[in-house]
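Undergrad: got a sequence here, can you build the structure:
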Amino acid sequence: MKTRATPLNPHNRFQPIVTDRQHGDGPYDDGWYRDPADDICPDSLATEVTDERVRSIISHNQSPDVPFDQSINPYRGCEHACIYCFARPTHAYWDMSPGLDFETRLIAKPNAADQLRRELDKPGYWVSPIALGVNTDAYQPIEKNREITRDILKVLAEYQHPVTIITKGALILRDLDLLSELAGKGLCSVRISLTTLDNTLKGRMEPRTAAPAMRLKIIRELSAAGVPTGIILGPVIPFINDHEIEAILTAGADAGAQRASWIMLRLPLELDELFRDWLQRHFPERAERVMGRIRDLRGGKSYDATFGRRMTGTGPYADLIRQRFSKRARQVGLGLHEPEPLRTDLFRRPGGEQIHLF
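TA: Here you go, the predicted model:
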């Protein structure tokens, strides 16, 4: 099984020097092992993790396209290796490539929980739900040993602070004790990213994520434990997984999901090159058709960052996806709007200090 989504390491846009890794007409032999069945991608490449002692942990967001204004990312880069991940270009800020580096050269934040305490203890802190792991998955494989996400949840539970989580990692079930405790007080909700029910497609576009059947199991177990759980079909990729919309919604509802939302594929910066290469390797016969439809959605370009339409695109195809999604969601009883806000009035600092919001 191939465990990396891309063999490419496109040039870091912040670096003035480009290294030529081509020799003649073929790739330069850098000594990596290459599976005989795959002369492009190494079958196995070790993950390198660097620790970062952070001086702040809560990021603030002002985008009108997302339903949160605070978030925490325990890790930079993501071993899940989803080829479509919108966060890939952020790796360039750390002098690494959004390509293979993003999947294999990770940065962990071991002091995240301690820093979170310091920020929650500040007198001027204003309570609002924290979205956990929205840029890169908080439950990617290295979390099994590092437990940074679990330590963060322990702090949030101690302070009775609201939290939302988006993941496609089975490790979330390890923390069912904390999540059910928070949810019982109206302090937690979870969204599971469910992009396909096809194991083969999952292996191609999300190599190190939980299998579709496991994600449905996650939904069942979270729901059974009283944790409000929904699904995100993100991204919808024209002619790749769009035919699965109705089946995904039905399966999610049958597993106990309460809500559903969707996001159209978006290809900012280096992600455009990475996704095009992936299409040519896995779906060469439909690559141009896929990219043509993406350009139709984005006013003739591969990407449009305009608020209000970057998540969905525009035009007849976007309208059709919206109609199909809404119709089936209603049929299977899935809500399409954000749930009631999580509670903020329970927040208290250790020692009994409680903040009353007016």
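Undergrad: in stretch 258-270, what's buried?
TA: 258-270 (16 or more other Cβ atoms under 10 Å). C-beta here means a position set from N, CA and C on the backbone, and glycine is covered the same way.
Undergrad: actually stretch 164-184, not the one I wrote
TA: Residues 164-176, 178-179, 181-183 are the ones in stretch 164-184 that count as buried (16+ other Cβ under 10 Å).
Undergrad: same question, stretch 220-234
TA: For stretch 220-234, by 16+ other Cβ under 10 Å, it's 221, 222, 223, 225, 227, 228, 229, 230, 231, 232, 233, 234.
Undergrad: which of those residues fall in helices?
TA: 221, 222, 223 (DSSP state H).
Undergrad: and which of the residues you listed is nearest residue 332?
TA: Residue 332 lies nearest to residue 223 out of those, by Cβ to Cβ, at 14.2 Å.
Undergrad: ok, for that closest one, nearest residue in space, not its chain neighbours?
TA: With sequence-adjacent residues excluded and distances taken as Cβ to Cβ, 6 or more residues apart in numbering, residue 223 is closest to residue 256, at 3.2 Å.
Undergrad: check residue 211 too.
TA: Nearest residue to residue 211, sequence neighbours excluded (Cβ to Cβ, 6+ apart): residue 199, at 5.9 Å.
Undergrad: so the one you found is in contact with residue 210, correct?
TA: No - when contacts are counted by Cβ atoms under 8 Å, residue 199 is not listed as touching residue 210 (11.0 Å).
Undergrad: quick one, which of the two is more surrounded?
TA: Taking neighbours as other Cβ atoms under 10 Å, residue 199 and residue 210 compare with residue 210 leading, 23 against 11.
Undergrad: check whether that one really touches residue 173, as I assumed.
TA: No - between residue 210 and residue 173 there is no contact under Cβ under 8 Å: 9.8 Å.
Undergrad: overlap of the contact sets of these two?
TA: Common neighbours of residue 210 and residue 173 are listed as residue 218 (criterion: Cβ atoms under 8 Å, 6 or more residues apart in numbering).
Undergrad: if we can go back for a sec, in strands, which of the buried residues of stretch 258-270 appear?
TA: Taking DSSP state E, the ones among those that sit in strands are 259, 260, 261, 262, 263, 264.
Undergrad: let me see the confidence value for the fifth one.
TA: What the model reports for residue 263 is a pLDDT of 95.
Undergrad: then the first one?
TA: Per-residue confidence at residue 259 stands at 97 (pLDDT).
Undergrad: check what pLDDT the residue nearest to it when sequence neighbours are not counted gets.
TA: Spatial nearest neighbour of residue 259, chain neighbours left out: residue 230 (3.4 Å); criterion: Cβ to Cβ, 6+ apart. At residue 230, the model reports a pLDDT of 97.
Undergrad: list the contacts for residue 230?
TA: Applying Cβ under 8 Å, 6+ apart, we find residue 230 in contact with 189, 190, 191, 192, 257, 258, 259, 260, 261, 334, 335, 339.
Undergrad: let me have those in a markdown table, adding distance to residue 283 as columns.
TA: Output for the contacts of residue 230, formatted as a markdown table (distance: Cβ to Cβ, whole Å):
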| residue | distance to residue 283 |
| --- | --- |
| 189 | 35 |
| 190 | 31 |
| 191 | 27 |
| 192 | 25 |
| 257 | 29 |
| 258 | 33 |
| 259 | 31 |
| 260 | 26 |
| 261 | 26 |
| 334 | 29 |
| 335 | 33 |
| 339 | 36 |
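Undergrad: of these, closest to residue 315?
TA: Using Cβ to Cβ, the contacts of residue 230 come closest to residue 315 at residue 261, 19.8 Å.
Undergrad: pretty sure residue 82 contacts residue 5?
TA: Yes - counting by Cβ under 8 Å, residue 82 touches residue 5, with 6.7 Å between them.
Undergrad: mind checking which of the two has more residues around it?
TA: Legend: neighbour count by other Cβ under 10 Å for residue 82 and residue 5, higher for residue 5 (28 against 24).
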